[in-house]
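Q: below are the sequence and a predicted model; questions follow.
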Amino acid sequence: MARAQSMLRPVIGLLGGTFNPIHFGHLRMAQELAQSLALDEVRFIPAANPPHKVAPSVSATDRAEMVKLAIADNTAFKFDDTELCRSGASYMVDTLQSLRTELSDETSLVLFLGGDAFSEFHTWHRWEEIINLCHIALVKRPTDISAAPLPEALKLFLHNRHTDNIDDLHQTSAGYVITQIITALDISSTAIRNQLTAKQSARYLMPDNVIDYIKHHQLYRA
Ligand code: ATP
Ligand code: MG
């Protein structure tokens, strides 16, 4: 039976990131999760001041513009400026709380996390509150295979919260972690930045309009 009940509850995917720059790894993840989890939309949320990284070399405005260009031709992908409009560190728990005031409590939110991001999740600001505000879709990245085992706190968290049933994401608005396997695209912003700095092409790793933006604004030069 189709998810008849769930049709009433909007289900929104959330992809936060530095997007320095956005690439096909991000876009393909959003596309596949939108399909496999039957999401109504996916919001791309660029971090103004990512708490776990050194300050990005490229301004939040440029990173945001590149996200807008990359998602312009997909009506299910939305740009979300929640973090850009806030000063201080861009903590996901604050972002989720402001999304909860914007959206009804009924709305199901699904935060996408690559395995690399999840392995540090227990270090995030007020991390234990996050699962009460959204679900988590844990996505395997190719580099995760060689990753160190998860810390005990995260193992326990997964044990308590894990589900294999997509309907859980549609029938409740927060609280579950689901693992999803997606097409492995071993693309990272770090590798792209290094290639661009070395004057190598980033074609076929990211959308052409983003490449044009980078050239025009002379970003990622040595
Ligand atoms: P950097 O190399 O600067 O850390 P990144 O490529 O990891 O950049 P982020 O903006 O840090 O990109 O990532 C945002 C989110 O997208 C994270 O949850 C990350 O795990 C996920 N992600 C990034 N690249 C991929 C990819 N190729 N496949 C699947 N998930 C990805
Ligand atoms: Mg990263």
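A: It's in. Ligands and ions are numbered 1, 2, ... in the order given.
Q: how about the residues of this structure that lie near ligand 1?
A: 17-20, 25-26, 29, 113-114, 116-117, 139, 141, 185, 187-190 (CB under 6 Å from any ligand atom). Quick note: C-beta positions are derived from backbone N, CA and C, even for glycine.
Q: narrow the residues you listed to those in strands?
A: Gly17, Leu113, Gly114, Val139 (DSSP state E).
Q: farthest-separated two in these?
A: Gly17 and Val139 (12.2 Å; CB to CB).
Q: if you count what's nearby, which of these two comes out ahead?
A: Val139 (23 against 18; other CB atoms under 10 Å).
Q: spit out the contact partners of the more buried one.
A: Val139 sits next to Met29, Leu33, Phe112, Leu113, Gly114, Gly115, Thr179, Gln180, Ile181, Ile182 when contact means CB atoms under 8 Å, 6 or more residues apart in numbering.
Q: can you do 7 Å?
A: Neighbouring residues of Val139 by CB atoms under 7 Å, 6 or more residues apart in numbering: Met29, Phe112, Leu113, Gly114, Gly115, Gln180, Ile182.
Q: beta partners for it?
A: Note on Val139: beta-bridge partners by DSSP bridges are Gly114, Gln180.
Q: in the protein, which spans are helices?
A: 24-36, 60-71, 92-102, 115-118, 127-130, 152-161, 167-171, 189-197, 208-216 (DSSP state H).
Q: so what touches stretch 50-59?
A: Residues from elsewhere that reach stretch 50-59, judged by CB under 7 Å, 6+ apart: Thr18, Asn20, Arg63, Ala89, Ser90, Tyr91, Glu120, His125, Leu219.
Q: list the buried residues in that stretch.
A: Of the residues in stretch 50-59, Pro50, Pro56, Val58 count as buried by neighbour count, 16 or more other CB atoms under 10 Å.
Q: what pLDDT does the first one get?
A: Right, the one you point to is Pro50. Listed pLDDT for Pro50 reads 88.
Q: what sits up against the helix or strand of the chain at the bottom of the mean pLDDT ranking?
A: Least confident helix or strand of the chain, by mean pLDDT, DSSP states H and E, is helix 115-118 with a mean of 90. Residues from elsewhere that reach helix 115-118, judged by CB under 7 Å, 6+ apart: Leu138, Val139, Lys140, Arg141, Thr143, Asp144, Ala147.
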